[in-house]
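Visitor: Need a 3D model of the sequence below.
(chains A and B)
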Amino acid sequence: MKWLCLAVVIPPLIASIVCGLFGSRMRREWSHWLGVIGTIISFAASLMLLRALVQQEWQPADLTLYVWGFNPEWGFQVGFMVDALSVTMMLVVSLISLLVHIYSVGYMAEDPGYARFFSYISLFTFAMLMLVSSNNLLQLFFGWEGVGLVSYLLIGFWYTRPSAVTANMKAFVINRVGDFSFVLGIAILFSAYDTLAFDRLLGSAGALAQMDLAWLPKSASAQEWACLLLFIGAMAKSAQIPLHIWLPDSMEGPTPISALIHAATMVTAGIFLVCRFSPLFETAPGTLSFMLLIGASTALLLGLVGLVQTDIKRVVAYSTISQLGYMTAALGASAYAAGLFHLVTHAFFKALLFLAAGSVIIAMHHEQDMRQMGGLRRKMPITYLTCLIGALSLSGFPGFAGFFSKDALIEAVSASTVPGAQIAAVILLFSVFVTALYTFRMIFLVFHGEPRHDASHVHESPHVVTGPLVVLAVFSLCAGAFLAEPILFSSPMQNAIPMAAHGGMRHLADHWEGPAAFVVHGLFSPAVILMLAGIVTAWLFYGGAAARGQRLLSKFKPAQWILDRGWGFDALFMNFFASAGQKLGVRLWHGVDQNYIDTGMVMGTARRVRSMASRVSSLQSGYLYHYAFVMIIALFMLITWFGFSFVL
Amino acid sequence: MSSAIPHALVFLPELVILLMAGVVLGVTVTGSEPVIQYQRAQRLALWTTLLVLGALVLTQLDPAAGWEATGGFILDPLAVLFKGSIVSGTLMTIVYGGRYWHSERPMMPEYHLLILFALLGMMVMASASNTLMFYLGLELMSLSLYALVALDRSNPEATEAAMKYFVLGAVASGMLLYGFSLLYGLTGSLELDALGVAMSQGLNHDPAMILAFLLVISGLMFKLGAAPFHMWLPDVYHGSPLPSMLVIGVAPKLAAMVFILRLMMESGDGLNGLFADVAVICALLSIIIGNLAALMQTNLKRLLAYSTISHMGFIFLGFSAADTSGYAGATFYMFIYLLGFMAFAGSLVYLSQSCDAETQSDDIGALSGLYKRNPLIAAVMAVSLFSMAGVPPTAGFFAKLAVLMSAAQAGFLWLVVVALIFSVVGAYYYLRIIRYIYFETGEEKTALMESSGNRVFLGLNGLLILVLGCMPGLLWQFCYTMLANNSYL
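Guide: Numbers count the residues shown, from 1 in each chain, chains lettered A, B, ... in the order given. Just a heads-up that it's a prediction; the model follows:
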């Protein structure tokens, strides 16, 4: 099993290194073949891990492969935790990564940075796999920073565009905020347990009770602090209010990247982290409620912002944030498995939507404004159909993958006993309407109506692009029905993510009668009705009679004004944090840095060290008798000193 | 005396050296041209070290065999561990230094002869279980080293350095001998294990015993080059020819260190407290003086000398813990230091092979732009410098960690803090060399074109530093068990 684990993570790393170092010297095709083969091996190895788990009746394994240091007590470990949770994540990551690799062959065909691109996404795959398969926090953090780094590099992939550089800087800075908090959380856990290995951090409830750190503020328990800090780290990575502002801007990167990193995998790392630490989070009720609040408000507020976007990728980006809000809310309601389930289905349909958007963008010659599109459904039938499947799945149309996960999620939240769960459930329910509305607004604007552009040379994308779309469409269609039981209720998953006491999942499990019954039951649920209402509303405004829609829209000017500005979060950060930070920085620079630190401490220390050094060197006179004298005196002083101190 | 090894086998490595030294001596007095003599001697010396390594393995073939002291000679795990490293160090010296003397410089066949005699002395020191035997080995080694420094007779600096080394070495030997004679007077025996008996009789509070111990330790500190007995080091390094610096650099320090360890183990708990206090003073002085003085140096050999002093300070930091993990840490540090020193100094020799006496320069500026001229050697130097500065993932990081950890556990937290601050100061001058190698543009000297084996060995040496940095656990465990299993600790 050790070798299998290595076979999952190492091939993308090799592909990345080879592409990165020799990419400019080898033939173009080699870069993508390397990447594709690397991820195929990863995916195959993940499948074999899954089989091994199933055959051994799901005995989870905790393997430490390598210790950097003198011994495990005093060293950093590299190891793998193979259980249902990590294998699920490995499969999702390697599958989506594989499809995105293939898709990129078509999407990036014209780009001069071809080898660099493949080197980056292989590196990303490696880091993400390290993150999800880790058996200790340090390695997880390594993967966490690794994916952050590659995300930064890829947002700024077209580094000659100023907007791309600004966007990647923004993503980097915001993620620093989260990472800082994450590191503090790790520090608390390490000082409480003296270890970062998962099995000992999460193993026994007894160890949890001992967690008592004198130096933490007493207003909350140590668990509460640790969980809160870890969650703030997850918030930045998973784009939750108010640390979400980097994600829409990250759309500056190439579209396959948006699909892989900013929709399907990296942004879900925060969700994964909380799932992994669910036993710990169970002991922190305050953090759970906080997660509910953050998740539900993110789901609703950022979904609303998605309504007014005109850039096709930004619509999908806001939708991603909103769906991540759903997952976070599920985590807050202690329905970790439901959050994970939504993560998996979301990975499929959101990657699909992004890739379909990418296909449209290729066809439109890198025009991303939806107002310039329209009527593409005849020109691009495959893209249209697959995109429609993705949209239906995202909206939660009965039978589609998204329906299962979203309905299960909402039901689990409403049945949860965590304080605030009822309100959150109502908000999430209303968000279903918003989701359907912005999704179908996009569909109608892009694919229906009359073309608002010169449509003569628009044509369907090549097979290398549509192939992944079709595969993902199949998953978006079917994954829900097949995966619902294994992920939500199977015993191996419950070994990895213990079923929480707060009732949400228990309620679901008690009422579960198979996927078919779930669909029938769901047909009359408020969620489906709201979803249908959303689609109809979208049709009214943007579909059938666009003119009437425009008239109606003009009555919502104030709402549009505030949504256009994304609730003012960007302005808040820029005008408050950034400018205040800048002012403070300038003051510190002139006042403290230049006057005290530079002249006083840095230069002063250097001067003092230098003068001491020259004094010490001047002792070395070169005269033999000086040297002999020093030796004799030194001996004399030693004898005097110790003679007195030991004899007396 | 119930040794299962025939006595001859215990002495086998030393016998091999003696025999081969005789052969080399024969080669150097017969034959026609110095060039041929030199090359023959070099080949023979190389084979000798390999044979000695083989002989060392032979002595270990029978694990059940005893290794008791017979006539002041002992072959315990400690001795084997250090002998192995001493021979390896000498092997590296011969490989790296061998090509330095060439037609442009006077070829001295006796260079290798002297190395072999020094090696014999060091081997005896590593196995000495009584003071007389140790002193014999020490003098054999020292006299050979003095001659090695003075080898280049045409160079007045070398002669001056040899003179200083000789006189100061004589003073140190005097201290050592005085200490030994006091020990003999106190215990009535030359054997080291008599010390333990004496300690148990309460002799450790006898002023004469303290005096004797301080004298002996001072003499050994001189050999190690630890402050305040370090004054000879910069001048001798500076004056001696590069390959001789390789010889003085590490192996003699290993030989002196093994006697310190043996002394501490034999004397049991009696002197540990005193030794720890001496070690604290020595560590503090060495780390401060070594790092501060190295800052001002632009001559690479002097810089290396001061850096050696600071490394000795770190080794005494390990001694200051005065327990198994501290001794193991110091040993571990010494081995890593051996690798780093050899890689760096070996690269210096390699770079000066192509130049004659006029163009050769030990100035730091001579390394400018080395990266462009010779990327491999530049990389090896960078790795060894990072290791000496203690930057992960090189082995030097773990060497520092080991001694700092044991010192901290022994309660010398303030000392650890001082050591850390000064290792930051030390990082400055190591990184400055790297800056010269990688970021300065030097005058265009052609890269060394000859494809000598040194390149490969230097590369492997650098690689070994990195490998040990990635998996330090093995060597650490080895050092620790070797020291823990020694019967006396």
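Visitor: Quick check: residue A:248 touching residue A:314?
Guide: Yes: counting by C-beta atoms under 8 Å, residue A:248 does reach residue A:314; the two are 5.4 Å apart. Every C-beta, even on glycine, is put in place using the N, C-alpha and C of the backbone.
Visitor: more crowded one of those two?
Guide: Ranked by neighbour count (other C-beta atoms under 10 Å in any protein chain shown), residue A:248 and residue A:314 place residue A:248 first, with 27 against 20.
Visitor: check contacts around the more buried one.
Guide: By C-beta atoms under 8 Å, 6 or more residues apart in numbering or on different chains, the residues touching residue A:248 are A:314, A:317-318, A:321, A:566.
Visitor: how far away is it from chain B?
Guide: Distance from residue A:248 to chain B, counting by C-beta to the nearest C-beta, to the nearest Å: 39 Å.
Visitor: what helix or strand is that residue on?
Guide: According to DSSP states H and E, residue A:248 maps onto helix A:246-249.
Visitor: Kindly report the same for residue B:100.
Guide: Following DSSP H and E, there is no helix or strand that holds residue B:100.
Visitor: re the thing from before, which of the contacts of residue A:248 sits closest to residue A:29?
Guide: residue A:317 (31.6 Å; C-beta to C-beta).
Visitor: Burial check on the closest one, number of neighbours?
Guide: Neighbours around residue A:317, by other C-beta under 10 Å: 29.
Visitor: Now it. Its backbone dihedrals?
Guide: Note on residue A:317: its backbone torsions stand at phi -60, psi -50 [degrees, to the nearest 10].
Visitor: out of everything not next to it in sequence, what's closest to it?
Guide: With sequence-adjacent residues excluded and distances taken as C-beta to C-beta, 6 or more residues apart in numbering or on different chains, residue A:317 is closest to residue A:248, at 4.8 Å.
Visitor: swap in residue A:80?
Guide: Using C-beta to C-beta, 6+ apart, the closest residue to residue A:80 is residue A:5 (4.2 Å).
Visitor: tell me which element that neighbour falls in.
Guide: Secondary structure from DSSP H and E places residue A:5 in helix A:2-22.
Visitor: for that helix, packing partners?
Guide: Judged by 3 or more C-beta pairs under 8 Å, 6 or more residues apart in numbering or on different chains; DSSP states H and E, the packing partners of helix A:2-22 are helix A:28-55, strand A:61-69, strand A:75-82, helix A:84-107, helix A:114-133.
Visitor: what comes up buried for it?
Guide: The neighbour-count check on helix A:2-22 (16 or more other C-beta atoms under 10 Å in any protein chain shown) flags A:4-5, A:7-13, A:15-16, A:18-20 as buried.
Visitor: So which residues lie in contact with stretch B:139-146, not counting its own?
Guide: B:114-115, B:117-118, B:120-122, B:124-125, B:162, B:165-166, B:169, B:173, B:244, B:247-248, B:252, B:255.
Visitor: and what of stretch A:496-510?
Guide: Stretch A:496-510 is contacted by residues A:60, A:83-86, A:275, A:278-279, A:282, A:288, A:330, A:333-338, A:340, A:408, A:411-418, A:421, A:488-489 when judged by C-beta under 8 Å, 6+ apart.
Visitor: now stretch A:280-297
Guide: With C-beta under 8 Å, 6+ apart, stretch A:280-297 has contacts from A:201-202, A:208, A:220-221, A:223-224, A:226-228, A:231, A:235, A:240-241, A:274, A:325-334, A:413, A:418-421, A:423-424, A:427-428, A:431, A:498, A:500-502.
Visitor: sorry, back to before: starting at the chain centroid, how far to the helix holding residue A:5?
Guide: With C-alpha atoms, centre = their mean, to the nearest Å as the basis, helix A:2-22 stands 21 Å off its chain's centre.
Visitor: Just the CA trace of that helix, in PDB.
Guide: Coordinates of each C-alpha in helix A:2-22 appear next as PDB, following Å, rounded to 0.1, in the frame of the first residue of the first chain:
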ATOM      1  CA  LYS A   2       3.000   2.300   0.600                       C
ATOM      2  CA  TRP A   3       4.000   2.000  -3.000                       C
ATOM      3  CA  LEU A   4       0.400   2.600  -4.100                       C
ATOM      4  CA  CYS A   5       0.400   5.800  -2.100                       C
ATOM      5  CA  LEU A   6       3.600   6.900  -3.700                       C
ATOM      6  CA  ALA A   7       2.200   6.000  -7.100                       C
ATOM      7  CA  VAL A   8      -0.600   8.400  -6.400                       C
ATOM      8  CA  VAL A   9       1.500  11.500  -5.500                       C
ATOM      9  CA  ILE A  10       4.800  11.000  -7.200                       C
ATOM     10  CA  PRO A  11       4.000  10.800 -11.000                       C
ATOM     11  CA  PRO A  12       2.600  14.300 -11.200                       C
ATOM     12  CA  LEU A  13       5.600  15.600  -9.400                       C
ATOM     13  CA  ILE A  14       7.900  14.000 -11.900                       C
ATOM     14  CA  ALA A  15       5.900  15.300 -14.800                       C
ATOM     15  CA  SER A  16       6.000  18.700 -13.300                       C
ATOM     16  CA  ILE A  17       9.700  18.700 -12.700                       C
ATOM     17  CA  VAL A  18      10.500  17.400 -16.200                       C
ATOM     18  CA  CYS A  19       8.200  19.800 -17.900                       C
ATOM     19  CA  GLY A  20       9.400  22.700 -15.800                       C
ATOM     20  CA  LEU A  21      13.100  22.100 -16.300                       C
ATOM     21  CA  PHE A  22      13.200  20.800 -19.800                       C
END
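Visitor: ok, back up a step: switch the helices and strands packed on helix A:2-22 over to CSV; also include mean pLDDT and mean neighbour count.
Guide: Output for the helices and strands packed on helix A:2-22, formatted as CSV (pLDDT from 0 to 100; neighbours: other C-beta atoms under 10 Å in any protein chain shown):
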stretch, mean pLDDT, mean neighbour count
helix A:28-55, 86, 19
strand A:61-69, 78, 16
strand A:75-82, 82, 21
helix A:84-107, 88, 26
helix A:114-133, 89, 26
